[in-house]
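*Asks:* The sequence and its predicted three-dimensional model are supplied below.
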Amino acid sequence: MTDSSTQRLIETVVFDIGNVLLHWEPEPFYDRAIGIDRRRRLFAHVDLRGMNERLDRGAPFRATIRRMADEHPEFEDEIRLWHDRWLEFCGPVHWHSVRLLRALRSSGMPVVALSNFGRETLALAEHRWPFLTEFDARFISGELGVIKPEPAIYKILEDNHAVPPNRLLFTDDREENIQAARARGWQTHHFRSPEGLARCLVDRGLLTASAAAAAAADPMPDPT
C-alpha cells in the first residue's frame, strides 16, 4: 500500500540507505562476538546509539569511538569493535531493493539518497558495495551536519534538487523520518520490504509490472 491514494506526478524517488538497501544492525554482531549477556550489559551501560548519532552528524570515526572507549574502560575492547569491525554490522544487502533502484534509473527516473550515515563509514561501505554510488545525487547526514528527522536535512535536499516537495517520493524504514517528510509535503512510502516498495512503485506508475517482476525474479546476487 502507498501512504496516499492521491496519485500525483513524481519527478524523483528518494531512498534511505540503511535497512532499505543495506541492512545495518550492530546487536547481532556483538551477540556473536561477545555473547548476548555481555552485549546487553554493554548497550545498557554505554550510550552507543548516541555515539553513533554523533558519527552520523560527521564526527570523526576513530577519535569518537576511542574517546568513548576511554570513558568506559570496563568495555574498552568491545567499544573499539565499533570501529575495527564496523563492516560486520552491515548485511545482507537487500538486492531486490537495489534492482528496483536500478530499474527506476534505467527508466529515466532520477534517484537520490537521503541517509543518516557517517562520512568515513559511508566510504567504507561504498568501497565494499559500489552500488551505493549509483545515485543521481546523495544527501548524507555526515557531510551535512544534520540528521533525519530534523527538518533542516529535508530542506537541504529541497533547496539543492530543484524538484517541488510534492513531486518527491521518499522511502525510509523509520516512521519518524517518514512523518517529517510528509509534513513538508513529500509523498512517502514506509519501507517494510522490497516487495512492498515494488508494489508502491507499480501503483504509482513509476515502474511497469514487468519491470518490477524482473527485479524480484533475479535469483542471483549482484556481483557488486
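*Replies:* Done, it's in. Everything numeric here is computed off the predicted structure, so don't read it as measured data.
*Asks:* Please name every helix or strand in contact with the helix-or-strand element of the chain with minimal mean pLDDT.
*Replies:* Every helix and strand in the chain was compared by mean pLDDT, DSSP states H and E; the lowest is helix 209-217, with a mean of 93. Other helices and strands packing on helix 209-217, by 3 or more Cβ pairs under 8 Å, 6 or more residues apart in numbering; DSSP states H and E, are helix 95-106, helix 194-203. For glycine as for every other residue, the C-beta is placed from the backbone atoms N, C-alpha and C.
*Asks:* So what's the residue count around residue 38?
*Replies:* The criterion is other Cβ atoms under 10 Å. On that basis, residue 38 has 14 neighbouring residues.
*Asks:* Grab the nearest non-local neighbour of it.
*Replies:* Spatial nearest neighbour of residue 38, excluding adjacent residues (Cβ to Cβ, 6 or more residues apart in numbering): residue 78 at 7.3 Å.
*Asks:* Quick check: the one you found touching residue 42?
*Replies:* Yes - counting by Cβ atoms under 8 Å, residue 78 does reach residue 42; the two are 5.2 Å apart.
*Asks:* anything in contact with each of these two?
*Replies:* 30, 34 (Cβ atoms under 8 Å, 6 or more residues apart in numbering).
*Asks:* For residue 48, which residues are in contact?
*Replies:* So residue 48 contacts 26, 42, 68, 79, 82 (Cβ under 8 Å, 6+ apart).
*Asks:* List the buried residues in stretch 70-84.
*Replies:* Using 16 or more other Cβ atoms under 10 Å as the burial criterion, the residues of stretch 70-84 that qualify are 75, 78, 79, 80, 81, 82, 83.
*Asks:* Which of those fall within helices?
*Replies:* 78, 79, 80, 81, 82, 83 (DSSP state H).
*Asks:* Mind pulling up the pLDDT for the fourth one?
*Replies:* Put plainly, it is residue 81. Note for residue 81: predicted pLDDT of 98.
*Asks:* Please report how far it lies from residue 46.
*Replies:* Distance, residue 81 to residue 46, using Cβ to Cβ, to the nearest Å: 12 Å.
*Asks:* cool, and residue 130?
*Replies:* Here residue 130 is placed at a distance of 33 Å from residue 46 (Cβ to Cβ).
*Asks:* In terms of neighbours, single out the busier of those two.
*Replies:* residue 46 (19 against 12).
*Asks:* how about the nearest residue to that one once chain neighbours are set aside, phi and psi?
*Replies:* Leaving aside its chain neighbours, residue 46 sits nearest to residue 72 (5.1 Å; criterion: Cβ to Cβ, 6+ apart). Torsion angles at residue 72 (phi, psi; degrees, to the nearest 10) stand at phi -130, psi 70.
*Asks:* if we can go back for a sec, tell me the buried residues in the least confident helix or strand of the chain?
*Replies:* Neighbour-count burial for helix 209-217 [16+ other Cβ under 10 Å]: 211, 212, 215.
*Asks:* And the pLDDT at the residue lying closest to residue 212 once chain neighbours are set aside?
*Replies:* Excluding its sequence neighbours, the residue lying closest to residue 212 (Cβ to Cβ, 6+ apart) is residue 198, at 4.4 Å. Note on residue 198: pLDDT of 98.
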